[in-house]
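Colleague: Pasted the sequence and its predicted model underneath.
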Amino acid sequence: MIQTAITSDLFVSCDKEMHSALASDLYLVLTPQPDMMLTLEGEVTELARQMYRHVSAKLHATGYRIFCERIFATLDVMPRVLDGRHIALGQWGDTVPPTCVVIEEGELGPFAGIQIHAVKAPMPPMVIRRPDDNQTLVGRQVNIRGEKWLMLNGLTGDVNATPAQQTRTVFDDATQILKQSNGSFDSVARTWLWLKQVCDWYDDLNRVRTECFIEHNLIDPATKQSKRLPASTGIGLYGKNGAAITMDLIALPGREDQIQYVEAGGDQRSAYEYGSAFSRAAVAPMPGGQTVFISGTAAIDPKGVTEDIDCIPGQVDKTVAHVQSLLKDLSSDDEHVTFALVYCKTLAVQQYFLKKFADLPWPMITMIGDVCRPELLFEVEVTASQKG
């Protein structure tokens, strides 16, 4: 793996590359310099333009093309970030919109950062359209010698429906889109679920998701035993249209047997044992090599009980330890993390994490947002390469 770090007066960019014989993955994490919003007097568009100019230059120089893209910003500045993106990205931005995740203002201001996964392959990614609406682009597909990778992003339902109804719609829509490429939920390695006011309806999410997985035979219909649960994050942020649920997912149609699901691992037991149908991690062959997808991880003990309630240091420290334990189990470590998303319930939690773990070598975006239990203060997800 090759790492490049670039620091400017405006932003920090950490780029990590993974290479295989036929293709490569590039992970970019770009974050504003502290207090940059004050320095620019709120000129978020210019900051975003400069950050995306770096992205565009990197893509142009290396031949990578975007496979997955996310922006993390408050609702009021998100349009200005998108304006800066449009100005700078040019031909390197196809017409697939990024997943725009709404956060609360934190230590770095109202714009937390940009996360991009790009791929260099013999053929650039092709866009994926909704089967019922040819004008709506919902992701990208990479094809290399008959092997496929799908990245779906920003799937939402009717914002006027109940959260449970929206969840059902999103899972059903994903099913239909996957079918276009001869895929199914059997093909899904990982999902990301951005959930508005998550604590108000997390039980409904778990119920609907479990029902869907039973229908897809990821959970045995007769015994209710889990069979192959995707890794996942379910976090209290939301897409810019205000929907209760926004979904991203990554799938490998035709290579289901190459996905390893780690339902219990590190020092944590199965989340399905306490009602949440996801694996702690998944390992899958990405274009650049074997990749570890660690689910959203929090301070939860082997019995499924929240650890260190009301204690910021206890929850943060134990969460990081849980992630590191799972990385070790999966032949990885901190140095091999390609990107991390760090979710903090309050500014105080974010400040503690940034100070305590200032030397942690994860390329990461930290942000303010709710976690799936009222008493949980902190959650982390990471993607990583394996050693060797």
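Modeller: Cool, the structure landed. Numbers count the residues shown, from 1 in each chain.
Colleague: Longest strand in this structure, please.
Modeller: strand 133-144 (DSSP state E).
Colleague: Give me the buried positions along that strand.
Modeller: Neighbour-count burial for strand 133-144, counted by 16 or more other CB atoms under 10 Å, picks out 137, 138, 139, 140, 141, 142. No exception for glycine: its C-beta is placed from N, CA and C like everyone else's.
Colleague: So which bits of whichever helix or strand comes after it are buried?
Modeller: Per DSSP states H and E, the first helix or strand lying C-terminal to strand 133-144 is strand 147-155. The neighbour-count check on strand 147-155 (16+ other CB under 10 Å) flags 147, 148, 149, 150, 151, 152, 153, 154, 155 as buried.
Colleague: Who does residue 18 form a beta bridge with?
Modeller: Here residue 18 sits in beta bridges with residue 25, going by DSSP bridges.
Colleague: do you know how far it is from residue 380?
Modeller: 21 Å (CB to CB, to the nearest Å).
Colleague: Neighbour count: the two, which is higher?
Modeller: Counted by other CB atoms under 10 Å, residue 18 and residue 380 do not tie: residue 380 has more neighbours, with 25 against 22.
Colleague: mind listing what whichever strand or helix holds that one pairs with, with the direction of each?
Modeller: Here residue 380, judged by DSSP H and E, is contained in strand 378-385. Strand 378-385 pairs in its sheet with strand 289-297 (antiparallel), strand 337-344 (antiparallel), by DSSP bridges.
Colleague: What's the first helix or strand after the longest one?
Modeller: Elements were assigned by DSSP H and E; along the chain past strand 289-297, the next helix or strand is helix 312-329.
Colleague: If we go by neighbour counts, what in that next one is buried?
Modeller: For helix 312-329, burial by neighbour count (16+ other CB under 10 Å) applies to 312, 315-320, 322-324, 326-327, 329.
Colleague: for stretch 113-130, same thing?
Modeller: With burial defined by 16+ other CB under 10 Å, the residues of stretch 113-130 counted as buried are 113-121, 124-125, 128-130.
Colleague: From those, pick the one nearest residue 296.
Modeller: Taking CB to CB as the measure, residue 296 lies nearest residue 115 of the buried residues of stretch 113-130, at 14.7 Å.
Colleague: Would you mind listing the residues in contact with the nearest residue to the closest one once chain neighbours are set aside?
Modeller: Closest residue to residue 115 apart from its sequence neighbours, by CB to CB, 6 or more residues apart in numbering: residue 70 at 4.7 Å. Residue 70 is in contact with 98, 99, 100, 101, 114, 115, 116, 153, 248, counting by CB atoms under 8 Å, 6 or more residues apart in numbering.
Colleague: Next, give me the two most distant ones among the residues you listed.
Modeller: Maximum distance among the contacts of residue 70 (CB to CB): 14.7 Å, for 114 and 248.
Colleague: Counting neighbours, what do you get for residue 4?
Modeller: The number of residues packed near residue 4 is 12, by other CB under 10 Å.
Colleague: ditto for the one 5 residues further on
Modeller: Neighbour count of residue 9, defined by other CB under 10 Å: 8.
Colleague: Please report how far it lies from residue 376.
Modeller: 36 Å.
Colleague: Kindly report the same for residue 183.
Modeller: Taken as CB to CB, the span from residue 183 to residue 376 is 33 Å.
Colleague: Low-confidence stretches in the protein?
Modeller: Where the chain drops to pLDDT under 70, the residues are 36-42, 91-94.
Colleague: just so I have it, where are all the helices in it?
Modeller: Ranges of helices within the chain are 36-39, 44-62, 78-89, 163-179, 198-215, 312-329, 347-356, based on DSSP state H.
Colleague: Any chance of CSV for these, columns distance to residue 265?
Modeller: Conversion of those to CSV gives the following (distance: least, CB to CB, whole Å):
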stretch, distance to residue 265
helix 36-39, 38
helix 44-62, 33
helix 78-89, 35
helix 163-179, 25
helix 198-215, 19
helix 312-329, 5
helix 347-356, 23
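Colleague: so which of those comes closest to residue 338?
Modeller: Within these, the stretch nearest residue 338 is helix 312-329; the backing value is 11.7 Å (CB to CB).
Colleague: between the closest one and strand 378-385, how many degrees?
Modeller: If you take axes from the mean of the first three to the mean of the last three CA atoms, to 10 degrees, helix 312-329 sits at 20 degrees to strand 378-385.
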